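Trainee: Pasting a predicted model and its sequence here:
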Amino acid sequence: MNEAVLILIKPDGLRKSLTGNILTRLSETKLEIVAAKMVRVSEELAHAHYAHLENESFFPDLVRYIRGELHDRRKTMALVYWGNGAILKCRQLAGATNPEEAEATSIRGSYGRITTAGLYENVIHVSGNQEEAEREIKLWFKPDEVIVPLYPLKEITKDKVKTNLWT
Ligand code: IDP
Ligand code: MG
């Protein structure tokens, strides 16, 4: 079944010049890229994206990480891949959350590390399931930035310009 998945190339991936490499690995999946952009991640976006980890001791570091404060790169690359079994295919390529446990040839196994503070710097984010993907894609992208109609929209007109919003 066709589904969408949010992929983030985290600031360590950008800093280590892994963008091309990661996109090449992801192209093995034969999925279609339906959205892509560079994002300067706000405090609010970081908190919303990682809301499920709010009570973890590493949460403040995680927010600084995704905002690029640990890598002197205030940017993250966000993409939406779309196609059959997209989530599982991308999660498998990414590997386990803990880079030490990730399969050696996976993206996280190859390039991830655990910092001395204990944070998993694992290069890439991949949505875990369809509900998470929908929540995250709506957080990171506006409807008009995604080239296929993934979720229901509502159209608004402001100053005679029509714009779509997620419902
Ligand atoms: P996922 O990225 O594999 O979906 P999540 O549990 O959603 O894993 O965690 C989000 C991110 O938070 C991870 O990718 C990693 O950077 C960080 N993280 C998760 N669990 C830990 C932990 O136990 N110690 C340190 N960092 C963690
Ligand atoms: Mg997750």
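Mentor: Yes, it's here. Ligands and ions are numbered 1, 2, ... in the order given.
Trainee: Give me every residue in this structure that's in contact range of ligand 1.
Mentor: Those residues of the chain that sit near ligand 1, judged by Cβ under 6 Å from any ligand atom, are 53, 58, 62, 97, 118-120, 122, 125, 128. Heads up, the C-betas are built off the backbone N, CA and C, glycines and all.
Trainee: top of the residues you listed by neighbour count?
Mentor: Across the residues of the chain next to ligand 1, the neighbour count under other Cβ atoms under 10 Å reaches its highest value at N122, namely 25 neighbours.
Trainee: Settle this for me: it is touching S106, isn't it.
Mentor: No - using Cβ atoms under 8 Å, N122 and S106 do not qualify as a contacting pair, with a distance of 9.8 Å.
Trainee: shared neighbours of these two, which are they?
Mentor: Listed contacts common to N122 and S106 are 94-95; contacts here mean Cβ atoms under 8 Å, 6 or more residues apart in numbering.
Trainee: mean confidence score for the lengthiest helix in the chain?
Mentor: Here the longest helix in the chain is taken by residue count, with DSSP state H as the criterion, and it is helix 130-140. Average pLDDT, helix 130-140: 98.
Trainee: Other residues contacting that helix?
Mentor: Under the criterion Cβ under 8 Å, 6+ apart, residues 3-6, 8, 35, 39, 45, 48-49, 78, 80, 87, 127, 146, 150-151, 166 lie in contact with helix 130-140.
Trainee: Buried residues of that helix, list them for me.
Mentor: Buried residues in helix 130-140, counted by 16 or more other Cβ atoms under 10 Å: 133-134, 136-138, 140.
Trainee: where does A96 land in three-state SS?
Mentor: Three-state secondary structure (criterion: DSSP: H, G, I helix; E, B strand; the rest coil) places A96 in coil.
Trainee: for S27, what are its contacts?
Mentor: Contacts for S27 were tallied using Cβ under 8 Å, 6+ apart; there are none.
Trainee: change the start of the numbering to 653 and stick with it
Mentor: With 653 as the first residue, the last one maps to S679.
Trainee: Need phi/psi at it.
Mentor: When read as degrees, to the nearest 10, the backbone of S679 gives phi -70, psi -20.
Trainee: Can you tell me how far it is from V813?
Mentor: Distance, S679 to V813, by Cβ to Cβ, to the nearest Å: 35 Å.
Trainee: likewise L705?
Mentor: With Cβ to Cβ as the criterion, L705 and V813 are 38 Å apart.
Trainee: Show me the helices in this structure, by range?
Mentor: In the chain, helices defined by DSSP H lie at 663-667, 671-679, 695-701, 711-718, 738-746, 759-763, 782-792, listed in chain order.
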